[in-house]
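>>> the following comprises the amino acid sequence and a computationally predicted model.
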Amino acid sequence: MNNFPFSIEVCPGTLAEGFSTYSPSCLRNLFNGKKVSPILPYDPPQQSEEVTEQFIENRKRISISGVQEKLSLILEKNRLRLTKAGEQGTYILKPIPRDLKKVDQVPANEHLTMQIARQVYGINTAENALIFFKNGTTAYLTKRFDVKSEGEKWGKEDFATLAGKTTDSAGPNYKYTYSYEEMGSLIRQFVPAWRVEIEKFFVLVVFNFLFSNGDAHLKNFSLLESSQGDYLLSPAYDLINTRLHVDDTDFALDKGLFVDDFRSDAYKKNSHVNQADFVEFAKRIGVNEPRVDKLLQPFLARQPLVESLIQRSFLSDPTKRGYLLDYQTKRNYLTA
C-alpha cells in the first residue's frame, strides 16, 4: 500500500467516512468478517503480462453495449484470487471496460448506484464494493448470491428464461423485446408469495427509471431459490446509470412499462413518464392500491441522502455533477 497512488478516505464498500480500507460492516457482509485488502496484488489485465493469460481464460462477456467483462474470483484465507479451471467462483470482478464514454468511471458508477439502492431505498442488493489494482485502477467487486457456503448453487432463473426468450425464438435483441408489465405477470405466475415480491419489483423498476439504468433488461432480473425451496426475486444486481456512458432511452425494454401503448395525460402533455404512469403500472401488475403512494414516497423525499452518497463516491467531480443532474432531472419527472 506504500506505493499506492492515492489515499483512501471512505470505505470502498459502504462509502462511510473515516476509513482507509474496508469498514468492519463491509468486511462482515462481503468477506464473512475476513480482513481483506481493497488493493489487489497485480495490475489490470491490459497492463499486466504476467496475468493476462489468466484473465483471458477467465473473462466472460456481459451487457452494457457488450463491452464489459466479468472475471471469476475466490477468497482464499484473506486474499482474493482468480479461479482456476473447474473451481466455483464466489466473487465477480468487473474491471474498467472498453469503448464507452467516461469508461474509467464505470466501476464507481455501478458501485454508487448499488449503494444508493440499498442504503437510501432499502432495496435488497448483491453485496458489493470497489477494489483497486495496485496501480490505482478501479474495479467493481460483487459477491455471488447464487452460491451456497459449501459451494453448491441455488436455483436461479433470469426473466429471459422465464419468458421463453432466446436468440433463436426472439432474435439477437431478445433481452429487450418485452414490457415490465409482462414481467409482473411472470412474477404472479412463478412466485407463490407474489404479493410481497411484486412490491419489490415495482420499487426496483421505479429506481431504475430514477437513476437512468437503461440496461435493466430481462437477464438483469432473476428469481432465486430460497431455503424453503420456493422462488423469490433475487437481490438486485447490475444497477448503473447507463446514461453517463451510452445514449439510451428511459427504459431498457422496448415496450417500456406497458404491454400496450398507455400514456397518462401528464405524459401526453410533457412527453415524459411520470408519477401517474407508475401508479397505473402498479395497479396493472397487482400492487394493492393503498400501498402505491407509500412505495413511491421514498423516491420523492430522500434526495439529501442520495446527494450525500454521490459526494462521497469514487466518481470524478465532473461525473458526480452529471450523475446528480441525471437524478434531479428524473426526480422532477417523477414529481410531475
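Structure's in. What do you need?
>>> contacts and neighbour counts: CA atoms only from here.
Noted.
>>> can I get the lengthiest strand in the chain as CSV, trimmed to CA atoms?
Taking DSSP state E as the criterion, the chain has its longest strand at strand 69-76. Provided in CSV are the C-alpha atoms of strand 69-76 (Å, rounded to 0.1, in the frame of the first residue of the first chain):
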residue,chain,number,x,y,z
GLU,A,69,-16.3,-8.2,-18.9
LYS,A,70,-16.5,-10.4,-15.8
LEU,A,71,-13.8,-12.2,-14.0
SER,A,72,-14.3,-15.0,-11.5
LEU,A,73,-12.6,-14.8,-8.1
ILE,A,74,-12.4,-16.9,-5.0
LEU,A,75,-11.5,-15.9,-1.4
GLU,A,76,-8.6,-18.0,-0.1
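>>> and it, which residues are buried?
For strand 69-76, a neighbour-count test (16 or more other CA atoms under 10 Å) marks 69, 70, 71, 72, 73, 74, 75 as buried.
>>> and what of stretch 147-155?
Quick answer for stretch 147-155 (16+ other CA under 10 Å): residue 147.
>>> correct me if wrong: residue 159 contacts residue 219.
Yes. Using CA atoms under 8 Å, residue 159 is in contact with residue 219, at 5.8 Å.
>>> could you count how many residues lie near residue 262?
Neighbours of residue 262 under the rule other CA atoms under 10 Å: 13.
>>> what about the helices in the stretch 51-200 of the chain?
106-121, 159-162, 167-170, 180-190, 194-210 (DSSP state H, counting those that start in this stretch).
>>> I'd like the mean pLDDT over the second one, please.
Looking back up the chat, that one is helix 159-162. Here helix 159-162 scores 97 as its mean pLDDT.
>>> could you report the pLDDT at residue 138?
96.
>>> show me what contacts it?
Contacts for residue 138 (CA atoms under 8 Å, 6 or more residues apart in numbering) come out as 95, 96, 104, 107, 108, 130, 131, 132.
>>> go on, residue 194?
Counting by CA under 8 Å, 6+ apart, residue 194 has contacts 187, 188.
>>> check what pLDDT it gets.
98.
>>> residue 279 is in contact with residue 290, isn't it?
No. Contact status for residue 279 versus residue 290: not in contact, 10.7 Å apart, counting by CA under 8 Å.
>>> other SSEs contacting the longest helix along the chain?
Ranked by number of residues, the top helix in the chain under DSSP state H is helix 317-335. For helix 317-335, the elements it packs on are helix 194-210, helix 275-285, helix 289-301, helix 303-312, judged by 3 or more CA pairs under 8 Å, 6 or more residues apart in numbering; DSSP states H and E.
>>> now render these as JSON lines, adding distance to residue 136.
Listed next are those as JSON lines, based on distance: least, CA to CA, whole Å:
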{"stretch": "helix 194-210", "distance to residue 136": "30"}
{"stretch": "helix 275-285", "distance to residue 136": "42"}
{"stretch": "helix 289-301", "distance to residue 136": "34"}
{"stretch": "helix 303-312", "distance to residue 136": "18"}
